[in-house]
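**Student:** Sequence unavailable; structure follows:
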């Protein structure tokens with residue numbers, strides 16, 4: 001498997017025109033022109049005398065050595081080792097993107113320079129040029145060590161700063177992913193320069209840790225881009241799939257080439273993701289140009305260019321400095337600026353709403369006032385409708401009463417009519433006075449008198465029930481009120497019905513005669529309906545220090561517990577359609593409220609129901625209400 005991967009990597013090198021030895025023939029250098037395999041690595045050796053002469057002519061100059069990624073350098077002057085840069089045995093980590101710099105002053109009295117480069121893996125066994133003389137200090141160490149240290153510190157500081165800024169303002173997923181990406185990429189950069197910290201670990205372990213940190217860090221970056229909708233979903237899913245495929249190579253690869261193959265897998269998707277994000281940010285910049293948007297686009301372009309440059313350098317496609325330290329900082333600045341732009345837009349919207357809050361409140365208040373006016377008008381209409389319904393219910397009750405009264409009057413008239421005809425016959429035959437005839441005539445006259453008396457009583461009860469020719473509020477005898485209601489309902493109380501009156505005959509109640517009659521009439525009517533086969537209606541009353549209490553009980557079927565709270569609602573009825581209006585108890589409750597009283601009920605299913613009414617004893621409040 002590893003040989004197959006190595007063949008693939010070397011094929012990639014050949015496709016890029018990369019050879020194992022320097023492609024530029026340097027004057028004054030002698031070498032075998034090939035890499036030599038050793039126990040743990042590959043070596044390349046070269047010797048030069050001319051470069052020593054150049055240094056002697058310019059003692060203030062320097063000798064610049066090419067970068068061998070993950071490699072080591074050994075320098076010999078006249079056969080004696082003068083400098084070692086890195087560990088050729090690969091038992092300790094080497095610099096990845098740095099190389100030695102030799103001052104020309106060390107060549108005083110020397111005649112030759114021997115250079116041995118050791119490559120960590122077959123993939124990195126390539127160089128573009130031989131060491132060369134330069135008059136100024138090369139920047140290899142600056143870009144290969146100093147910038148990486150500074151960038152790592154910057155990323156760790158940014159991670160802490162991000163937590164302090166984003167905590168509680170952004171989702172935990174975004175904050176955790178962003179900070180994890182910064183820490184992982186800082187770990188990768190530190191892994192490139194482990195010799196600067198004198199950390200002891202095998203080169204392969206350092207390679208494994210560095211590349212795994214880079215891959216996972218970029219996975220977190222792509223996740224943040226996806227959360228910010230800077231890349232499409234398919235690009236994010238592709239990158240995560242490639243990263244998951246690379247994990248086994250990082251963890252279980254036994255050679256540097258295997259580990260490097262895993263690192264190469266997601267690189268193209270990273271570049272593609274950043275290019276996609278850059279285009280989206282450019283569109284934002286074109287839509288709403290700002291300095292912040294300009295910097296976001298600039299940092300995005302810097303990262304893409306830095307990535308492209310470092311990939312070419314690491315693969316050996318070109319020789320030059322690496323800019324990943326700058327590129328990674330740019331990448332996270334892009335993310336931070338993108339998040340900040342979104343947060344700024346959210347805060348701008350909040351400030352707009354806050355600034356226009358007074359206008360919004362005024363507008364909403366006007367709408368509420370309008371709705372309130374409409375509701376008040378609807379309530380007034382409802383009150384009128386309710387009054388009409390109550391009046392209609394009263395008229396319906398009076399109609400029922402009228403029908404009963406008409407029936408009773410008709411009975412009385414029948415008494416009279418039935419007696420008048422025989423009386424006429426007997427009187428016609430009374431040519432002479434007969435004791436027997438006189439006795440019969442007396443009986444018939446008594447029947448006439450009884451019928452007339454009954455009619456008078458019914459009419460008197462009707463007048464009392466309707467309050468005709470009476471004041472609206474008065475002190476009334478409660479027994480007379482109950483008697484008048486029972487008289488009017490006498491047609492319904494025939495049969496197995498019994499009415500019990502249990503209170504002081506002299507007990508009085510101050511109030512509206514018509515209203516009290518209506519209350520008792522409706523309660524007793526409901527009691528009769530609750531006892532279709534007959535039963536007992538009991539009216540109790542008593543007076544305490546502050547109230548007059550009246551109870552109307554029946555022995556009917558009772559009211560189910562589930563509907564007891566609704567019986568006083570208008571139009572609520574348990575009777576069949578056409579049998580009841582559902583206004584009886586509603587009218588009772590309103591009438592008692594007018595009397596500033598209260599009503600409650602106690603019912604037991606199968607045993608009966610008791611309605612308890614409490615009326616204020618003193619009349620002053622009612623008189624004020626009536627006025």
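**Tutor:** Ah, there it is. Keep in mind that this is a model prediction, so the values were computed, not measured. Numbers count the residues shown, from 1 in each chain.

**Student:** Would you agree residue 539 falls within a strand?
**Tutor:** Yes: according to DSSP: H, G, I helix; E, B strand; the rest coil, residue 539 belongs to a strand.

**Student:** what sits opposite it in the beta ladder?
**Tutor:** residue 501, residue 552 (DSSP bridges).

**Student:** Can you get me a residue count around it?
**Tutor:** 23 (other C-beta atoms under 10 Å). Quick note: C-beta positions are derived from backbone N, CA and C, even for glycine.

**Student:** do residue 143 as well
**Tutor:** Counted with other C-beta under 10 Å, residue 143 comes out at 20.

**Student:** Over to residue 56?
**Tutor:** 16.

**Student:** could you say what helices and strands the helix or strand harbouring it packs with?
**Tutor:** Element membership for residue 56 (DSSP states H and E) is helix 50-57. When contacts are defined as 3 or more C-beta pairs under 8 Å, 6 or more residues apart in numbering; DSSP states H and E, helix 50-57 sits against strand 132-134.

**Student:** Please point out which parts of the strand it packs on sit buried.
**Tutor:** Buried positions in strand 132-134, judged by neighbour count with 16 or more other C-beta atoms under 10 Å: 132, 133.

**Student:** ok, the residue lying closest to residue 300 once chain neighbours are set aside to residue 304 distance?
**Tutor:** Of all residues not flanking residue 300 in the chain, residue 278 sits nearest, at 4.1 Å (C-beta to C-beta, 6 or more residues apart in numbering). Distance, residue 278 to residue 304, using C-beta to C-beta, to the nearest Å: 6 Å.

**Student:** now residue 332
**Tutor:** To residue 304, residue 332 is 14 Å away according to C-beta to C-beta.

**Student:** The two: who's more crowded?
**Tutor:** Legend: neighbour count by other C-beta under 10 Å for residue 332 and residue 304, higher for residue 332 (24 against 20).

**Student:** tell me which element that one falls in.
**Tutor:** helix 324-355.

**Student:** Which neighbouring elements make contact with that helix?
**Tutor:** helix 147-166, helix 172-192, helix 203-227, helix 267-287, helix 291-315.

**Student:** Which among those is found nearest to residue 549?
**Tutor:** helix 172-192 (65.8 Å; C-beta to C-beta).

**Student:** what packs against the closest one?
**Tutor:** The contact analysis (3+ C-beta pairs under 8 Å, 6+ apart) places helix 172-192 against helix 147-166, helix 203-227, helix 324-355.

**Student:** Nearest to residue 42, out of the helices and strands packed on helix 324-355?
**Tutor:** Across these, closest to residue 42 is helix 203-227 (C-beta to C-beta), at 13.4 Å.

**Student:** Next, the angle from that closest one to helix 324-355.
**Tutor:** Per axes from the mean of the first three to the mean of the last three C-alpha atoms, to 10 degrees, the angle that helix 203-227 makes with helix 324-355 is 30 degrees.

**Student:** Local confidence estimate at residue 437?
**Tutor:** Per-residue pLDDT puts residue 437 at 68.

**Student:** Flag every buried residue along stretch 51-67.
**Tutor:** Within stretch 51-67, the residues scored as buried using 16+ other C-beta under 10 Å are 51, 52, 54, 55, 56, 61, 62, 63, 64, 65, 66, 67.

**Student:** can you map out the strands along the stretch 501-627 of the chain?
**Tutor:** 508-512, 535-543, 547-554, 598-604, 608-616 (DSSP state E, counting those that start in this stretch).

**Student:** Show me how far the last one is from its chain's centre.
**Tutor:** Just to be clear, that refers to strand 608-616. Strand 608-616 has its C-alpha centroid displaced from the chain centroid by 50 Å (C-alpha atoms, centre = their mean, to the nearest Å).

**Student:** circling back: so the residue nearest to residue 300 sits against residue 301, correct?
**Tutor:** Yes: contact criterion C-beta atoms under 8 Å: residue 278 and residue 301 qualify, at 6.3 Å.

**Student:** which one of the two has more residues nearby?
**Tutor:** residue 278 (20 against 17).

**Student:** and that one, what does it touch?
**Tutor:** Applying C-beta atoms under 8 Å, 6 or more residues apart in numbering to residue 278 gives the contacts 297, 300, 301, 304.

**Student:** Next, work out how far apart the residue nearest the centre of the chain and residue 177 are.
**Tutor:** The chain has residue 171 as the residue nearest its centroid, 13.4 Å off, counting by C-alpha atoms, centre = their mean. The gap separating residue 171 from residue 177 is 9 Å, by C-beta to C-beta.

**Student:** Specify the angle between the helix holding residue 332 and helix 172-192 in degrees.
**Tutor:** 160 degrees.

**Student:** Check which residues of helix 324-355 are buried.
**Tutor:** Across helix 324-355, burial judged by 16+ other C-beta under 10 Å covers 324-339, 341.

**Student:** Save the helices and strands packed on helix 172-192 as JSON lines, and put in distance to residue 42 too.
**Tutor:** Putting those into JSON lines (distance: least, C-beta to C-beta, whole Å) gives the following:
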{"stretch": "helix 147-166", "distance to residue 42": "25"}
{"stretch": "helix 203-227", "distance to residue 42": "13"}
{"stretch": "helix 324-355", "distance to residue 42": "25"}
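
**Student:** so where's the stretch 501-627 of the chain uncertain?
**Tutor:** Applying pLDDT under 70 to the stretch 501-627 of the chain flags residues 570-572, 574-583, 618-627.

**Student:** Neighbours of residue 126, how many?
**Tutor:** 24.

**Student:** Quick check on it: phi, psi?
**Tutor:** Main-chain torsions, residue 126, degrees, to the nearest 10: phi -160, psi 150.

**Student:** Which pLDDT does the model give it?
**Tutor:** At residue 126, pLDDT is 79.

**Student:** Check residue 17 too.
**Tutor:** On the pLDDT scale, residue 17 gets 42.

**Student:** between the helix holding residue 332 and helix 267-287, how many degrees?
**Tutor:** 40 degrees.

**Student:** per-residue confidence averaged over helix 324-355?
**Tutor:** The model assigns helix 324-355 a mean pLDDT of 73.

**Student:** what's the angle between it and helix 147-166?
**Tutor:** 20 degrees.

**Student:** What are the contacting residues of stretch 79-86?
**Tutor:** Under C-beta under 8 Å, 6+ apart, the answer for stretch 79-86 is 65, 71-76, 94-95, 99-100, 102, 106, 112, 114, 118, 195.

**Student:** Enumerate every residue touching residue 497.
**Tutor:** 528, 531, 534, 535, 536, 537.

**Student:** And for residue 44?
**Tutor:** Residue 44 sits next to 21, 31, 34, 35, 36, 116, 117, 119, 125, 127 when contact means C-beta under 8 Å, 6+ apart.

**Student:** and if we set it to 6 Å?
**Tutor:** 35, 117 (C-beta atoms under 6 Å, 6 or more residues apart in numbering).

**Student:** Quick check: it vs residue 29, distance?
**Tutor:** Counting by C-beta to C-beta, the gap from residue 44 to residue 29 is 11 Å.

**Student:** Now do the shared contacts for those two.
**Tutor:** In contact with both residue 44 and residue 29: no residue, using C-beta under 6 Å, 6+ apart.

**Student:** Residue 118 is in contact with residue 43, isn't it?
**Tutor:** Yes: counting by C-beta atoms under 6 Å, residue 118 touches residue 43, with 5.2 Å between them.

**Student:** got JSON lines for the helices and strands packed on helix 324-355, with mean pLDDT too?
**Tutor:** JSON lines is the format used below for the helices and strands packed on helix 324-355 (pLDDT from 0 to 100):
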{"stretch": "helix 147-166", "mean pLDDT": "83"}
{"stretch": "helix 172-192", "mean pLDDT": "86"}
{"stretch": "helix 203-227", "mean pLDDT": "89"}
{"stretch": "helix 267-287", "mean pLDDT": "78"}
{"stretch": "helix 291-315", "mean pLDDT": "73"}
